[in-house]
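Asker: Got a sequence here, can you model it:
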Amino acid sequence: MAARRKANRILAAVLVPLTLLTLAAMAALWPSGNRDGLTLANPYAAAPGVTFDTGRIQRVVTESCTPAAAGDNGGSQCTFAFTEPDKGGNPVKVVINPDIAKSHGVKVGDNIRYLNLSHAQAAATGADAPAAQGSPSYIFVDFVRTMPIILLALLYAVVVVAVARWRGLRALIGLVGAYFVLVSFMLPGLVEGKPPLLLALVGSTVIMIGVLYFAHGFSARTSTALLGTIFGLGITALLAAWATDAANLAGVGNHDAATLVNISDKISISGIILCGLIISGLGVLNDVTITQSSAVWELYELAPNTSARKLFSSAMRIGRDHIASTVYTIAFAYAGAALPILIIVMLYNRPLGEALTSAELSEEVIRTLVGSIGLVLAIPVTTLIAVLVVKATGVRSAEPSASADLPRASAADHRPGGHGAVTADDVNDTGALAAAAAVAGWESEADAPPATRRGRRALRGQTEGDQTQADGTRRD
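Answerer: Residues are numbered from 1 along each chain as shown. Down below sits the predicted model:
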């Protein structure tokens, strides 16, 4: 217990000041919320008389885009969806965008959102009906995805809680807290021109402190994983800062980046990319550190007498498998997100090296490399810290007693099977491990089960079983 308290004090001496420093930096960097001078037109803002309505498609037809004159069968073809408005009324004829009609299409039963121009057209012409000039009165905007997303979210929550139980529920609540930090601190800070590197480091550290302790509880195991995570974050941040400048990542060719640049001089696209490089590796980094820390503790419980060197080597064998899997996990995750860009670059027929270093793909490539280096280096550091901590806080086996303390077997006890009569109460005496070794035939103390609660129960059960076997041998 003294060693455990000492190790916990050491961890607290490192993590408590670090947490206080992070919270102080967060308070200093907290955005003011002032958005004066930032003007961005909302694409979903409706003009006077124009509304966004929703409805369910009842019928889909393909016909001429404009009303044909008498005897005129020409004109381009458009897709129309006769839609029943959710607010009630007769079905309306909604024109479907050509790109949607070609790529995905619409079908009966789909819920859609559409632009209702009928009232504005009627007001403009001064008539009671829409203008009969060939312009559509109802234009498709988007699909209504509320119900599928809610069902998937509920299914996800049910699966997580059913498998991980209380810890899974706490992880989901921690995810909500992480989202709050991202939305209320990091994103407004980037808009106001706060230092992106500090913003990303402080926000990510706060997220990891909250998520790890809330989901996994306050323990030496969690503190070890947190230290490894913070180390990985530091390495990732340094590499991201260097790579963003050295590779001249400026978001060129990105429509969203161009929009942000035009609305404010305070917004730095390079800073946003830098912050994104750090945030993108949080999930995988947390995964490898908490898994590696848990692996060390489980290995120690199975063999508490293992030396620190052997324990580190065993845990690193697990870590190497984890490295091998997470490296291509990150690569495939980013490749899946950038699949349309990959297809476009492929169709350009450019050389592979030129394509990977192009403005379209360089950001994804650097994100993969930076994130992978950070998590790979975090694994041995986390493992080393975990081994040092578990050796200081774990339960050790009792030292072997002197030979005089061993229960001596009389000549009458030497029966076939070679076991003497030692009761289960002997297991709880000072010479417990040595007595059990005499009964079970262990060659040394290292062969004994671990001296944890589970190990002691197994030890007691095995001793009682051997006693029963010895009694049966005598009766025979």
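Asker: worst-scoring helix or strand of the chain, pLDDT-wise?
Answerer: The least trusted helix or strand in the chain, going by mean pLDDT, DSSP states H and E, turns out to be helix 432-440, with a mean of 40.
Asker: Show the contacting residues for the residue nearest to residue 30 when sequence neighbours are not counted.
Answerer: Excluding the flanking residues, the one nearest residue 30 by Cβ to Cβ, 6 or more residues apart in numbering is residue 185, at 6.5 Å. The C-beta positions use only the backbone N, C-alpha and C, and glycine is treated the same way. By Cβ atoms under 8 Å, 6 or more residues apart in numbering, residue 185 lies in contact with 26, 29, 30, 31, 199, 203, 206.
Asker: Redo those as TSV? Include neighbour count, secondary structure and distance to residue 104.
Answerer: Shown next, in TSV, are the contacts of residue 185 (neighbours: other Cβ atoms under 10 Å; DSSP: H, G, I helix; E, B strand; the rest coil; distance: Cβ to Cβ, whole Å):
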residue	neighbour count	secondary structure	distance to residue 104
26	18	helix	43
29	17	helix	42
30	14	coil	42
31	18	coil	38
199	25	helix	38
203	26	helix	36
206	20	helix	40
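Asker: so residue 63 touches residue 80, yeah?
Answerer: Yes - checked against Cβ atoms under 8 Å, the pair residue 63 and residue 80 is within contact range at 6.6 Å.
Asker: ok, the two, which is more surrounded?
Answerer: Taking other Cβ atoms under 10 Å, residue 63 and residue 80 do not tie; residue 80 has more neighbours (21 against 13).
Asker: Assumed the more buried one was part of a strand.
Answerer: Yes - counting by DSSP: H, G, I helix; E, B strand; the rest coil, residue 80 is part of a strand.
Asker: shouldn't it be in contact with residue 65?
Answerer: No - counting by Cβ under 8 Å, residue 80 sits too far from residue 65 to count as a contact (9.1 Å).
Asker: Can you pull the residues that touch both of the two?
Answerer: Both residue 80 and residue 65 are in contact with residue 95, where contact means Cβ under 8 Å, 6+ apart.
Asker: and residue 332, backbone torsions?
Answerer: phi -70, psi -30 (degrees, to the nearest 10).
Asker: Test for you: state the pLDDT assigned to it.
Answerer: Per-residue pLDDT puts residue 332 at 80.
Asker: Now do residue 108 against residue 84, distance only.
Answerer: Residue 108 sits 11 Å away from residue 84, going by Cβ to Cβ, to the nearest Å.
Asker: These two: which is more packed in?
Answerer: The neighbour comparison of residue 108 against residue 84 (other Cβ under 10 Å) goes to residue 84, with 15 against 11.
Asker: hang on, isn't that one packed against residue 56?
Answerer: Yes - Residue 84 sits in contact with residue 56 when judged by Cβ under 8 Å, with a separation of 5.4 Å.
Asker: Mind listing what's buried along the lengthiest strand in the chain?
Answerer: Counting by DSSP state E, the longest strand found in the chain is strand 51-64. Neighbour counts using 16 or more other Cβ atoms under 10 Å place 53, 54, 55, 56, 57, 60 of strand 51-64 among the buried residues.
Asker: Relative to residue 280, which of the residues you listed is nearest.
Answerer: Distance ranking of those against residue 280, using Cβ to Cβ, places residue 54 first at 34.2 Å.
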